[in-house]
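Enquirer: coordinates for the following, if possible.
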Amino acid sequence: MPALASHRKPRPRVRSTTPAIGFTTAALASVTLLSTQSALAAPAPKPSIEDVQKKVDGLYRQAGTATQHYDQAKEASAKQRAKVDMLLDDIAKRADKLNDARRTLGNYAAAQYRDGALAPTATFFLANDPQSFFDQTHLMNRMAANQQQAVTDFRTKQAEASKKRAEAVTSLETLTESQTRLRTSKQNVQDKLTEARTLLSKLTAEEKARLAELEQKRKDEARLKAAELAKQQAAAKAEADRKAKEAESATGAGTGTGTGTGTGSGSGSDSSVTTKAEKVLAFARAQIGKPYVWGATGPSSYDCSGLTQAAWKAAGVTLPRTTWDQVEVGTRIATADLRPGDLVFFYDDISHVGIYKGDGMMIHAPKPGANVREESIYYMPIYGSVRPG
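Expert: Just a heads-up that it's a prediction; the model follows:
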C-alpha cells in the first residue's frame, strides 16, 4: 500500500542572530568601558591658586557692590517708612477734623428738622413788630451762611482727606518696592559670600599657605607704591614750604599790615580743614580692630561707607550713606595731592572707600571676615578721591 503524502509544509529554517547580539553588546560594553576609563584618566583640571585668588577677590568685590545696593535700598526704605508714617498721622488728624465737620452739619440738619421753616410772609405777621421781623430775618440769613460755610468746609476736608489717602497708598506701594530691593540685595550679598567661603573651604592646608603668600606679596607691593607716594608728597611739601618762605622774605621788605592780613586769611582756612581731618582720623583710628559687617554703621562694626560716614560725622560733616553718593560730595582731589581725612574710592563701579591717613596709607573696613585696619591705597585699583567739607 503506497504511503500517504504528508500535508505538513516544510518548516523554514530560522537563522540564529545570537552571535550578532552578543557582538553588539560586547561592542557597547567596550565603548562604555573606554568612556569610563577616559573620564577617570582625564579629570577636570584643578584651578591654580592664582585663579582661586582672582575668583575669591572677584566674589568679595561683587559682595561689596551688592552691599552698596543693600545700603541704598535700606536708606530708601527707611525714608519711605518715615514718609508713610507721617502721611498716616496726617490722615488720622484729618479724619478727626472731618468728623467734627460732619457733626456740625448733623447739628444744623437736626435743628432745621426740629424747628421747621416758615415763609417770610408768615414770619412778618407773627412778629411782634417790624423791627423784630428784620432782626430775626438777619439772624436767619447769618445762620444760613454759617450752614453753607459748614458744608463747604466739610467738602474741602473730605477732598483733602481723600487726596492724602491716595498719597499714602502710593507711598505704601513704593515702600513695598524698596523692601523688595532690600531683600534682593541682602540675598545677593549672602550668595556671593557663601560662594567665596565655599571656594576657600575646599583648599588644602598647603594651598591656603600659598594663598597667604600671594596675599602678602600683594600687600608688600602696595606698600612699596605707598612709600613712593609718601616720598613724592614729602618732596612737594618741602618745595611748597621753601616757596612760602621765599615769598614771606620777599614781602617782609614791604608793609607789615599787608603781610599780616594775607597770612591770617589763609591760615584760618587751613586750620579749619586740618582740625576736621584730625577729628576724622582720631575717630577712624579708634575703630581699628572692629569687624567689617555689611550694612553696618557702627558703633561695634562697619562696612566701608558706614565707617567713612561715621568718621566725618564726628567732625561735624554729614555724608550720604553709599559710596556712590559720597563720591559726589566735596572737591575732587588728585592722588598726588591727597591730604589726611580725604576719601579714596576704588574700582570702576566705586564700590569701596577708605580714609586717607597720609604716606600713601588709609584706614578702611576691607571686607567680610576682616577688621578695620590700615592699608596701602594701592591695595586696590583707585577710582578717584574727594575732600569733603
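Enquirer: okay, now the unreliable bits of this structure?
Expert: Counting by pLDDT under 70, the ranges of the chain that qualify are 1-44, 105, 108-109, 111-147, 150-151, 154, 252-269.
Enquirer: list the contacts for the closest residue to Glu228 other than its chain neighbours?
Expert: Spatial nearest neighbour of Glu228, excluding adjacent residues (Cβ to Cβ, 6 or more residues apart in numbering): Gly360 at 7.4 Å. Placement of C-beta: from N, CA and C, glycine included. Residues in contact with Gly360 (Cβ atoms under 8 Å, 6 or more residues apart in numbering) are 223, 225-230, 233, 376-378.
Enquirer: same thing but 7 Å
Expert: By Cβ atoms under 7 Å, 6 or more residues apart in numbering, the contact set of Gly360 is 225-227, 229-230, 376-377.
Enquirer: farthest pair in those?
Expert: Ala227 and Ile377 (11.7 Å; Cβ to Cβ).
Enquirer: tell me which of these two has more neighbours.
Expert: Ranked by neighbour count (other Cβ atoms under 10 Å), Ala227 and Ile377 place Ile377 first, with 24 against 14.
Enquirer: surely that one touches Val344?
Expert: Yes: with contacts counted by Cβ atoms under 7 Å, Ile377 reaches Val344, the gap being 5.2 Å.
Enquirer: could you name every residue contacting both of these two?
Expert: By Cβ under 7 Å, 6+ apart, the residues touching both Ile377 and Val344 are 354, 356, 362.
Enquirer: narrow those to those that are buried.
Expert: Among the shared contacts of Ile377 and Val344, the ones that count as buried by 16 or more other Cβ atoms under 10 Å are 354, 356, 362.
Enquirer: ok, and the closest non-adjacent residue to Ser77?
Expert: Here the residue nearest Ser77, using Cβ to Cβ, 6+ apart, is Ser178, at 4.0 Å.
Enquirer: now name the helix or strand holding the one you found.
Expert: helix 130-201 (DSSP states H and E).
Enquirer: quick one on the thing from earlier: CSV please, covering the shared contacts of Ile377 and Val344 and showing distance to Ile49 and secondary structure.
Expert: Shown next, in CSV, are the shared contacts of Ile377 and Val344 (distance: Cβ to Cβ, whole Å; DSSP: H, G, I helix; E, B strand; the rest coil):
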residue, distance to Ile49, secondary structure
Gly354, 27, strand
Tyr356, 32, strand
Met362, 27, strand
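Enquirer: make JSON lines out of those and add distance to Ala238.
Expert: Formatted as JSON lines, these follow (distance: Cβ to Cβ, whole Å):
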{"residue": "Gly354", "distance to Ala238": "26"}
{"residue": "Tyr356", "distance to Ala238": "20"}
{"residue": "Met362", "distance to Ala238": "23"}
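Enquirer: so which bits of stretch 323-336 are buried?
Expert: 323-327, 329-330, 333, 335.
Enquirer: endpoints of it, how far apart?
Expert: One end of stretch 323-336 sits 21 Å from the other (Cα to Cα, to the nearest Å).
Enquirer: chain center to that stretch: distance?
Expert: 17 Å (Cα atoms, centre = their mean, to the nearest Å).
Enquirer: show residues contacting it.
Expert: Contacts for stretch 323-336 (Cβ under 7 Å, 6+ apart): 68, 232, 304-305, 308, 319-320, 342-343, 345, 350-353, 382, 384-389.
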